[in-house]
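S.K.: Sequence and predicted structure, then a few things I'm wondering about:
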Amino acid sequence: AQSVTQLGSHVSVSEGALVLLRCNYSSSVPPYLFWYVQYPNQGLQLLLKYTTGATLVKGINGFEAEFKKSETSFHLTKPSAHMSDAAEYFCAVSEVPSNTGKLIFGQGTTLQVKP
Amino acid sequence: EPEVTQTPSHQVTQMGQEVILRCVPISNHLYFYWYRQILGQKVEFLVSFYNNEISEKSEIFDDQFSVERPDGSNFTLKIRSTKLEDSAMYFCASSVIAGGRDTQYFGPGTRLTVL
């Protein structure tokens, strides 16, 4: 069965510092990979996704993630944190192939950005 | 930009009562989903729905749960007899296609509190 692990339930960085949120998956076949962000009192918003092709994926708000098959990882990075990046971040996977699109989520990482 | 909407934003009910959570997916989307997030836990898949039938459901989605698309725009989740452990945030999502590759767009959620 597929699973997703996000290392660190809370990450705190200073404004302007590098953001690194870790995600590892367990799957017999490399899945489709997603990062979602949830701001307070809002739904989940897609940051970026990897399906096929280039393993370095760029998303919204300056975030990017790299799919590393050998490490079964899909870590999310941003070179310089902004106060507005404070939110909860979820890594998710979807089976390949899938007729239903079911997403399996990690437990989430809360990003705190300090001034 | 089109968005998924959900009503109500917060529902309080007594144990044993029936609740219906409502969602309006994005209009040209064909696949619909419900997820839930118990406080402090992962976002969990409940059910996917396509062409007026369930395409996949999780173990959580037992006989107490049902989904319906009554009128071509709304997508509802009914819990027949609520339990304390049903207290959670319920998210509706929709996508144009399934197969895992497509982006699921999430609503803001309904917080269900069972007393």
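M.R.: Nice, I can see it.
S.K.: which element is the residue most central in space within chain B on?
M.R.: Note on chain B: the residue nearest the mean C-alpha position is B:Trp34, at 3.1 Å, using Cα atoms, centre = their mean. Taking DSSP states H and E as the criterion, B:Trp34 maps to strand B:31-37.
S.K.: Name the residue of chain A that lies nearest to chain B.
M.R.: A:Ser94 (3.3 Å; Cβ to the nearest Cβ). Heads up, the C-betas are built off the backbone N, CA and C, glycines and all.
S.K.: beta partners of that residue?
M.R.: Taking DSSP bridges as the rule, A:Ser94 bridges to A:Tyr32, A:Leu103.
S.K.: Just give the number of residues close to it.
M.R.: 25 (other Cβ atoms under 10 Å in any protein chain shown).
S.K.: what does B:Asn74 give?
M.R.: B:Asn74, neighbours per other Cβ under 10 Å, totals 15.
S.K.: what's the spacing between it and chain A?
M.R.: 17 Å (Cβ to the nearest Cβ, to the nearest Å).
S.K.: Identify the spatial nearest neighbour of A:Asp85, chain neighbours not counted.
M.R.: A:Val113 (5.6 Å; Cβ to Cβ, 6 or more residues apart in numbering or on different chains).
S.K.: Hmm, A:Ser80 and that neighbour touching each other?
M.R.: No: using Cβ atoms under 8 Å, A:Val113 makes no contact with A:Ser80, being 10.5 Å away.
S.K.: Who has more neighbours out of these two?
M.R.: Neighbours per residue, other Cβ under 10 Å: of A:Val113 and A:Ser80, the larger number sits with A:Val113, 19 against 12.
S.K.: give me the element the more buried one is part of.
M.R.: strand A:109-114.
S.K.: Sort out which residues of that strand are buried, please.
M.R.: A:Thr109, A:Leu111, A:Val113 (16 or more other Cβ atoms under 10 Å in any protein chain shown).
S.K.: before we move on, back to that, distance of the residue of chain A closest to chain B from B:His10?
M.R.: Separation of A:Ser94 from B:His10 (Cβ to Cβ, to the nearest Å) stands at 29 Å.
S.K.: Name the nearest residue to the residue nearest in space to the middle of chain A, sequence neighbours excluded.
M.R.: With distances taken as Cα atoms, centre = their mean, the residue of chain A nearest its centroid is A:Trp35 (3.4 Å). Spatially, and ignoring its direct neighbours in sequence, A:Trp35 is nearest to A:Leu47 (4.3 Å; Cβ to Cβ, 6+ apart).
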